[in-house]
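Trainee: turn this into a structure:
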Amino acid sequence: MPHVRQAPQLHTGIILRASASEWRIGERLPAHTCEQWQLVFVLDGMVEETTDGRPLRLRAGRVLFHQPSESYTMQAVGDVPPEVLRVEFEAAGNILDAFRGCMTRAAPPESAALRQLAAAVREGWQVEADGVRLPEPAPRPEPPLGCVRLQQLYLEQALWLMARRLLRGGRRPSPRVRAEQNQNALVEAARLYMAEHIETTVPLGELCRAAGCGRAALQAAFQARTGHTPREYNARLRAEHAGALLAQGYTPGEVARMLGYSSPAYFSQRFRALTGRTPTAYRRDPTPLHLCNK
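Mentor: Down below sits the predicted model:
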């Protein structure tokens, strides 16, 4: 009888506990035992994670999985206070086999999903009270609308992306295609962060942390995929948003305040330099702006 290959399956349940926080150098997480699966992602810095007595150094960008019943502890090490995402969750399915004993570097699309997960976790869970770290992360009493659902969606997205990479068979994409995929993922992660912080010009270092890469890599990705530097792209994205606000009837002064420009005059100067029209003229006769596609 021919062997029937089992279809990949993954079913995620509730998130039992989660945290995304910075740790002081030398600070230690007390020993715990996993009830369910746990994902650990180091956003910045370095930690020493000990699993069933076996220590392992995890640097920024690394992902580690703990299986149910594993014991673990962690200590913040290195020169930079590390920031760590830790999510314990219910899950079932044969996809989980890919994560048993797994420690891997997150690919750019996975890193982007994990950073979105970290942002949702910060909104939904508190790790301190009156400046003192809690023994266990606690759900916030009134999380923002959709926060719990977003945590589950981002977690599942990250898990599928990692499983697809770890279990991929057949011919791998060429180095050129992989490079393009990585650049697209970096640009998308940075672009999403810009859109979430549209009221300001996001510093390059902040964008690099959001995308999980260095300055040179992000600069090269933007130049290759958009033809602009990250700063130029950010300015164009803000101008597009300003145009949408002007088309809705907001005055140039109101838009300048909403987007954090130092003065209406400076806003008018920047908007005209990118669109060829003053905010007042654009407000009278708005047309779609596609500045980021140029």
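
Trainee: could you pull out the helices in the stretch 51-200 of the chain for me?
Mentor: Using DSSP state H, counting those that start in this stretch, the helices assigned to the stretch 51-200 of the chain run over residues 108-124, 147-166, 175-196.

Trainee: state the mean pLDDT of the one helix or strand Ala244 maps to.
Mentor: With elements delineated by DSSP states H and E, Ala244 resides in helix 230-247, which encompasses its position. Over the span of helix 230-247, the pLDDT mean works out to 94.

Trainee: now do that helix: distance to the chain's middle.
Mentor: For helix 230-247, the distance between its averaged C-alpha position and the chain's averaged C-alpha position is 22 Å (Cα atoms, centre = their mean, to the nearest Å).

Trainee: who's in contact with whichever helix or strand comes after it?
Mentor: Where DSSP H and E defines the elements, the next helix or strand beyond helix 230-247 is helix 252-258. Outside of helix 252-258, the residues within contact range by Cβ atoms under 8 Å, 6 or more residues apart in numbering are 199, 242, 245-246, 250, 263-264, 266-268, 278-280, 283. Heads up, the C-betas are built off the backbone N, CA and C, glycines and all.

Trainee: please repeat the previous calculation with a cut-off of 6 Å.
Mentor: Contacts of helix 252-258 from elsewhere in the structure, counted by Cβ atoms under 6 Å, 6 or more residues apart in numbering, are Ala242, Leu245, Leu246, Pro264, Phe267, Pro279, Thr280.

Trainee: list the buried residues of it.
Mentor: Neighbour-count burial for helix 252-258 flags Pro252, Val255, Ala256 (criterion: 16 or more other Cβ atoms under 10 Å).

Trainee: stretch 65-85 now?
Mentor: When burial is assessed from 16+ other Cβ under 10 Å, stretch 65-85 yields the following buried residues: Phe65, His66, Gln67, Tyr72, Met74, Gln75, Ala76, Val77, Pro82, Glu83, Val84, Leu85.

Trainee: cool, stretch 128-138 as well?
Mentor: Applying 16+ other Cβ under 10 Å to stretch 128-138 flags Pro137 as buried.

Trainee: any idea how far Gln75 is from Ala31?
Mentor: Separation of Ala31 from Gln75 (Cβ to Cβ, to the nearest Å): 11 Å.

Trainee: who touches the helix holding Ala244?
Mentor: Under the criterion Cβ under 6 Å, 6+ apart, residues 194, 198, 201-202, 204, 207, 218, 222, 226, 255, 259, 271, 274, 279, 282-283, 286, 289, 291-292 lie in contact with helix 230-247.

Trainee: do that again at 8 Å, thanks
Mentor: Among residues not part of helix 230-247, those counted as contacts by Cβ under 8 Å, 6+ apart are 190-191, 194-195, 198, 201-202, 204, 207, 218-219, 222, 226, 228, 252, 254-255, 258-259, 267, 270-271, 274-275, 279, 282-283, 286, 289-292, 294.

Trainee: okay, now the unreliable bits of this protein?
Mentor: Within the chain, the ranges that satisfy pLDDT under 70 run 1-6, 169-173, 294.

Trainee: report the central residue of it.
Mentor: A centroid search over the chain (Cα atoms, centre = their mean) returns Arg115, at 2.2 Å, as the residue closest to the centre.

Trainee: excluding chain neighbours, what is closest to it?
Mentor: With Cβ to Cβ, 6 or more residues apart in numbering as the criterion, Arg115 has its nearest non-adjacent residue at 6.2 Å, and that residue is Ala210.

Trainee: what about the one you found, neighbour count?
Mentor: Using other Cβ atoms under 10 Å, Ala210 has 25 neighbouring residues.

Trainee: before we move on, what about the one 10 residues further on?
Mentor: If you count neighbours by other Cβ under 10 Å, Ala220 ends up with 15.

Trainee: that one contacts Val187, correct?
Mentor: No - using Cβ atoms under 8 Å, Ala220 and Val187 do not qualify as a contacting pair, with a distance of 10.4 Å.

Trainee: now the closest residue to Gln151 other than its chain neighbours: how far from Val40?
Mentor: Using Cβ to Cβ, 6+ apart and skipping residues adjacent in sequence, the residue nearest Gln151 is Ala120, 4.6 Å away. From Ala120 over to Val40 the distance is 17 Å, taken as Cβ to Cβ.

Trainee: the two: who's more crowded?
Mentor: Remark: of Ala120 and Val40, Ala120 carries more neighbours, 25 against 21, as counted by other Cβ under 10 Å.

Trainee: which ones are touching the more buried one?
Mentor: Contacts for Ala120 were tallied using Cβ under 8 Å, 6+ apart; they are Cys147, Leu150, Gln151, Tyr154.

Trainee: pull the most distant pair out of those.
Mentor: Between any two of those, the greatest separation by Cβ to Cβ is 10.7 Å, found for Cys147 and Tyr154.
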